[in-house]
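*Asks:* here's my sequence, what's the structure:
(chains A, B, C and D)
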There are 2 protein chains.
Amino acid sequence: MSVDGPVTAAAVLRVATQLVDGIQEGLARRGFDDVRPAHGFAFARISGTQATTADVAAHLGITKQAAAQLVDHLVGRGYLTREADPRDGRAKLLVLTKRGRACTTAAEQAATDVVQRWKAQLPAHQFAEMRDALNQIAVTGRLRPAW
Amino acid sequence: MSVDGPVTAAAVLRVATQLVDGIQEGLARRGFDDVRPAHGFAFARISGTQATTADVAAHLGITKQAAAQLVDHLVGRGYLTREADPRDGRAKLLVLTKRGRACTTAAEQAATDVVQRWKAQLPAHQFAEMRDALNQIAVTGRLRPAW
DNA sequence: CAGGATGGACAAGCGGGCTGACTATATGGT
DNA sequence: ACCATATAGTCAGCCCGCTTGTCCATCCTG
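*Replies:* Sure thing, here's the model as predicted:
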């Protein structure tokens, strides 16, 4: 471990870089060239349970002003709409448009493509072990849009 | 795979986030609170074979102006010095100071700490499988300081 | 119903990266 | 030997994403 700690760490970063780059590239190839990784994390939150801009901010670990700016971008590009929240006069619910849902799907496909490439490079049992191990150590972690 | 592609992808990102955050936090705890992840990647290049600012730029995938700025910061903070290159009158070799070497060591220790935590959460054979799998799929990837 | 918490917006600023232009030195072809 | 091209580094100006600070409107709790 005294030597392979840093090596394993570097491998993790390389793999994550591959993934992020692969998703970006796959999205661009599918016609979504105006979204950044952080937008994907926002989509992930919005496509779950109902979300407001403040929810997105908390999810991404950024200020609500920054989140508002990000949401503005996505609204302007036709990925989202802001709808009045019937239960809270202050809040505006973020709703994915058809294009927004298509982008989410495309991102999932692109991510799957990358994972599939990894799977093809490894014996089946080793891929499964890696996948399960990652899921296990990831449970406590939050998802950050930047480093 | 149709469902666990995205799940595995998210796990990779969470794990990478844990690592980056852990390194940052570990460095701060050891007294290096004025370095960012990108600086670590610069150190990695500089502590290898002799490097110039342009080398760092190429390694990080940024412009040489941006790299010069980053190097300025590290020189100002006492992590690096710029020395004349005896073989090229234009170039300035980047040399780690004692503090720079100490920071590199601290970063490696912090990274190892994070990996060690993962190791403790998994059966030994599964950790080994994961580590080997990551190393295998990482070989082709470059290391990006940002996404 | 008062007082604090929360969603959202506006303004200003910062930092890290970018492009563009320039100097000085190296290098390779004629 | 000379000139053309490439490269290391710097200066200047800009942009974009995010920040802090401030404010309003609406909510929830005592």
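
*Asks:* how about the CA coordinates for the lengthiest strand in chain A, as CSV?
*Replies:* If you go by DSSP state E, chain A has its longest strand at strand A:88-96. In CSV, the C-alpha atoms belonging to strand A:88-96 read as follows (Å, rounded to 0.1, in the frame of the first residue of the first chain):
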residue,chain,number,x,y,z
ASP,A,88,-45.3,27.5,-2.1
GLY,A,89,-45.8,30.9,-3.5
ARG,A,90,-42.1,31.7,-3.4
ALA,A,91,-40.8,28.6,-5.1
LYS,A,92,-40.7,27.7,-8.8
LEU,A,93,-40.6,24.1,-9.7
LEU,A,94,-38.1,23.0,-12.3
VAL,A,95,-39.6,20.8,-15.0
LEU,A,96,-37.8,18.9,-17.7
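
*Asks:* helix or strand next in line after that strand, which one?
*Replies:* helix A:98-121 (DSSP states H and E).

*Asks:* check whether the next helix or strand after that next one contacts chain B.
*Replies:* Sequence-wise, the next helix or strand downstream of helix A:98-121 (DSSP H and E) is helix A:124-138. Yes: against chain B, helix A:124-138 shows contacts by Cβ under 8 Å from any Cβ of the partner chain at A:126-127, A:129-138. Quick note: C-beta positions are derived from backbone N, CA and C, even for glycine.

*Asks:* my guess is residue A:94 contacts residue A:57. True?
*Replies:* No: when contacts are counted by Cβ atoms under 8 Å, residue A:94 is not listed as touching residue A:57 (11.5 Å).

*Asks:* more neighbours: these two, which one.
*Replies:* residue A:94 (26 against 20; other Cβ atoms under 10 Å in any protein chain shown).

*Asks:* what's the neighbour count on residue A:90?
*Replies:* The burial count for residue A:90: 7, using other Cβ under 10 Å.

*Asks:* elements contacting the helix ranked longest in chain A?
*Replies:* For chain A, the helix with the greatest residue count under DSSP state H is helix A:4-29. Helix A:4-29 is packed against helix A:37-46, helix A:98-121, helix B:4-29, helix B:98-121, helix B:124-138, with contacts defined by 3 or more Cβ pairs under 8 Å, 6 or more residues apart in numbering or on different chains; DSSP states H and E.

*Asks:* quick one on the thing from earlier: adding distance to residue A:85, write the residues of helix A:124-138 next to chain B out as TSV.
*Replies:* Listed next are those as TSV, based on distance: Cβ to Cβ, whole Å:
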residue	distance to residue A:85
A:126	47
A:127	43
A:129	45
A:130	42
A:131	38
A:132	39
A:133	41
A:134	36
A:135	34
A:136	37
A:137	37
A:138	32
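
*Asks:* which of these ranks first by neighbour count?
*Replies:* residue A:130 (26 neighbours).

*Asks:* just the pLDDT at that residue, thanks.
*Replies:* Note for residue A:130: predicted pLDDT of 97.

*Asks:* kindly report the same for residue A:138.
*Replies:* At residue A:138, pLDDT is 90.

*Asks:* gap between it and DNA strand D?
*Replies:* Noted for residue A:138: a distance of 22 Å to DNA strand D, by Cβ to the nearest atom of the strand, to the nearest Å.
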